[in-house]
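Asker: task: produce atomic coordinates for the following.
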Amino acid sequence: MVSIDNSDCTGPGKLARELHNMPASMPSDGDNDTKPRLDDKPTNSPGDNGCQDEYLLAFVEQGDDSSKWYCKIPGCSARRSSMRLWRLHVENSHKEWLRTLERRDCEANPPESYESVEECDNRENAEKNDEDSTTPPKETTGQEVTGGKKSPLASRLLYDELRNAAKASKLRVEELSQENQRLRPSINRVLDCVHELEAKIEDFRNYVATQDGQNKPTYQWSRYEGYPRIGQSIHKLGTAVDVLKVITADRFPLNEWKTNSTH
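Answerer: Okay, here's the model as predicted:
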């Protein structure tokens, strides 16, 4: 139980005595002096329950029955048979009184050493830096979880990997696009030469069939006028293939071309 200095006429002691003698309700028209007051005698004596005039008495209703009004002072069992209070006003005054006591106690007993919040933060940061300098860094796998959530480091590593993969994919697409622009004309050239050579060979087959139908000797085949054109078609096809080899050298080295050609 908190004691109050009676010698302080302007302090919380006076506030407590005034609240203790405060009427239970605001006077209104038609009211008389028979209304109960806070200084009405409790059912049990103050000496038995420790509730004295110097302490702030604040009663709260514990039920509908008027006989169940109890004192809020810790250790006090006093109760009133009939009481109407300024409940909110009394409780707020009680809190203000306690705050006044705490403020006076702090002013009377200041702390021996005072450290500002900024100084405290600087000291904690310095201690943390010392610990970090003496403790070897912990290896992270990017899969650490803190409080059921992924750690910021793991999220950052995952983000970096995805970003690098996206960049690599974009560069790869650009490389393939450039390679496609170079390969397409070369492949089309090779295909055109192949079709041209096939046409020349088909003409030669027709010539042979005609010679057979006319029962002409085989030695006369050397007189075929399409031989030079077949040779030109073969030469153009070889040139187109050589250009294609140069373009695809990074993908298909020359030794692989030679190996495949031997088979």
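Asker: average model confidence for stretch 155-162?
Answerer: If you average the pLDDT over stretch 155-162, you get 76.
Asker: give the buried residues for that stretch.
Answerer: If you call a residue buried by 16 or more other C-beta atoms under 10 Å, then stretch 155-162 has these buried ones: Leu157. To be clear about C-beta, it is placed using only N, CA and C from the backbone, and glycine gets the same treatment.
Asker: what helices and strands are in contact with the helix or strand hosting Leu157?
Answerer: Secondary structure assigned from DSSP states H and E places Leu157 in helix 152-213. Applying 3 or more C-beta pairs under 8 Å, 6 or more residues apart in numbering; DSSP states H and E, we find helix 152-213 packed against helix 227-247.
Asker: what's in contact with the helix it packs on?
Answerer: With contact meaning C-beta atoms under 8 Å, 6 or more residues apart in numbering, helix 227-247 is reached by 179, 182-183, 186-187, 189-190, 192-194, 196-197, 200-201, 204, 252, 254, 257.
Asker: rerun at 10 Å
Answerer: If you take C-beta atoms under 10 Å, 6 or more residues apart in numbering as the criterion, helix 227-247 is touched by 179, 182-183, 185-201, 203-204, 221, 224, 226, 252-254, 257.
Asker: tilt between the helix holding Leu157 and helix 227-247?
Answerer: Helix 152-213 runs at 170 degrees relative to helix 227-247, counting by axes from the mean of the first three to the mean of the last three C-alpha atoms, to 10 degrees.
Asker: numbering from 316 from now on, please.
Answerer: Fine by me, first position is 316 from now on; the one you just mentioned is helix 467-528.
Asker: circling back to that earlier point, just the buried ones from the contacts of helix 542-562, in PyMOL syntax?
Answerer: Buried residues within the contacts of helix 542-562, by 16+ other C-beta under 10 Å, are selected in PyMOL with:
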select buried, resi 501+502+504+505+508+511+512+515+519
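Asker: and for Ala469, the neighbour number?
Answerer: By other C-beta atoms under 10 Å, 17 other residues sit near Ala469.
Asker: any idea how far it lies from Leu477?
Answerer: Per C-beta to C-beta, to the nearest Å, Ala469 is found 13 Å from Leu477.
Asker: Tyr539 now?
Answerer: Going from Tyr539 to Leu477 by C-beta to C-beta gives 66 Å.
Asker: again with Asn495
Answerer: Taking C-beta to C-beta as the measure, Asn495 falls 26 Å from Leu477.
Asker: then Leu413?
Answerer: With distances taken as C-beta to C-beta, Leu413 is found 59 Å from Leu477.
Asker: Gln526 now?
Answerer: From Gln526 across to Leu477, the span is 70 Å (C-beta to C-beta).
Asker: same question for Gln535.
Answerer: Taken as C-beta to C-beta, the span from Gln535 to Leu477 is 74 Å.
Asker: and Lys531, by the same measure?
Answerer: Using C-beta to C-beta, we find Lys531 at a distance of 75 Å from Leu477.
Asker: cool, thanks, signing off.
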